[in-house]
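**Q** Build me a structure from this.
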Amino acid sequence: MSERSSYIVVGADSLVGGGLLKALARRGHHAYGTTRRRDQTGPQRLFLDFEEAQPFEAPPDAGYAFVVAAATNYDRCEKDPQARVINEELTPRTITSLLDQGLFVTFISTNSVFGGERAWPNEDAPHDPQIPYAAQKSRAEEVVRVSAKETGAEDRLNIVRLTKILDPNTSPLPAWFSAWKKQEAVHPFSDLVFAPMSVQFVGEALATVGEKRVSGNLHLSGAENISYVDLAMALAARLGINPSLIQPTSATAKGIHIAFKPRFSGLGMERTTRLTGVCPQNLEAVVADIA
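**A** Predicted coordinates for the structure are as follows:
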């Protein structure tokens with residue numbers, strides 16, 4: 001193993017973090033994961049809690065860190081002041097520390113910073129956050145970017161924004177699979193638009209980003225803006241489910257408040273594709289991965 005060739009995945013207990021660790025392992029890379037759970041630490045699982053005063057010290061063989069962890073629950077980000085502190089202050093502090101230690105850092109952000117009213121915003125499009133979580137991530141991006149510029153580390157930082165990520169356990173998929181096994185109908189929402197990707201795709205794409213070491217803003221996105229009805233139909237076709245077991249409804253009709261209901265969810269990936277070779281994931285590939 002060459003000096004500083006290892007990776008760190010900050011937030012390895014998350015869906016994205018776990019998928020990324022698996023992708024790095026498949027490619028033969030040595031990687032550490034971090035956890036906030038002290039009882040789950042070990043040689044390859046390091047303790048890191050943003051709220052701890054003690055700075056995180058990267059292993060000497062680590063040269064790259066993916067910072068996946070964040071406070072992501074929309075409701076918490078709106079109501080809990082500590083969520084804002086984690087997203088706007090503590091996460092950027094950790095990223096700055098990693099940059100100061102000489103690592104290349106990928107900061108995972110979100111498509112929601114663009115607000116959802118513009119179709120396919122590119123990597124450098126202006127932000128228009130509409131919910132507290134998105135505003136916090138947008139501010140965190142700016143803090144991290146300014147810090148990297150001030151310390152001459154801009155060439156060792158990228159910000160990767162993601163659209164919605166699915167695996168078979170992502171709600172509402174388990175409920176759909178269970179209902180279909182019993183020949184019962186499901187009721188997907190027609191008024192929720194997203195551009196889904198599978199966790200396998202995201203893991204492999206982030207591993208490629210890590211190998212390429214491209215600085216600046218990058219995007220990972222599904223290739224299509226679809227509704228949950230569209231997803232249900234595609235899954236049913238893949239699994240041989242009778243389409244009559246899909247009975248569309250809407251969040252509005254059900255009286256369910258959804259904090260973020262974008263008109264458009266997909267992200268433009270022209271720069272990302274040109275520099276990394278990663279293209280948007282089409283719906284057929286998403287369904288193949290999660291079915």
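
**Q** Around A23, count how many other residues there are.
**A** Close neighbours of A23, defined as other C-beta atoms under 10 Å, add up to 23. (Glycine included, C-beta is placed from N, CA and C.)

**Q** Secondary structure element for it, which one?
**A** Assessed by DSSP states H and E, A23 sits inside helix 15-26.

**Q** quick one: buried residues of that helix?
**A** Neighbour-count burial for helix 15-26, with 16 or more other C-beta atoms under 10 Å as criterion, is recorded at 15-24.

**Q** For the residue lying closest to F201 once chain neighbours are set aside, name its beta-bridge partners.
**A** Take F201 and drop its neighbours on the chain: the residue closest to it by C-beta to C-beta, 6 or more residues apart in numbering is Q281, 4.6 Å away. Judged by DSSP bridges, the bridge partners of Q281 are G222.

**Q** Pull the number of nearby residues for Q281.
**A** Applying other C-beta under 10 Å, we find 24 residues neighbouring Q281.

**Q** Same check on A288?
**A** Using other C-beta under 10 Å, A288 has 13 neighbouring residues.

**Q** Quick check on it: phi, psi?
**A** When read as degrees, to the nearest 10, the backbone of A288 gives phi -60, psi -40.

**Q** Pretty sure L206 sits against G18.
**A** No - counting by C-beta atoms under 8 Å, L206 sits too far from G18 to count as a contact (11.8 Å).

**Q** what ranges do the strands span in the chain?
**A** Assigned by DSSP state E, the chain shows strands spanning 6-10, 31-35, 45-47, 62-67, 104-110, 157-162, 165-166, 193-194, 197-198, 216-220, 226-227.

**Q** so which of the ones you listed gets nearest G268?
**A** Checking the strands of the chain against G268 by C-beta to C-beta gives strand 216-220 as the closest, at 6.5 Å.
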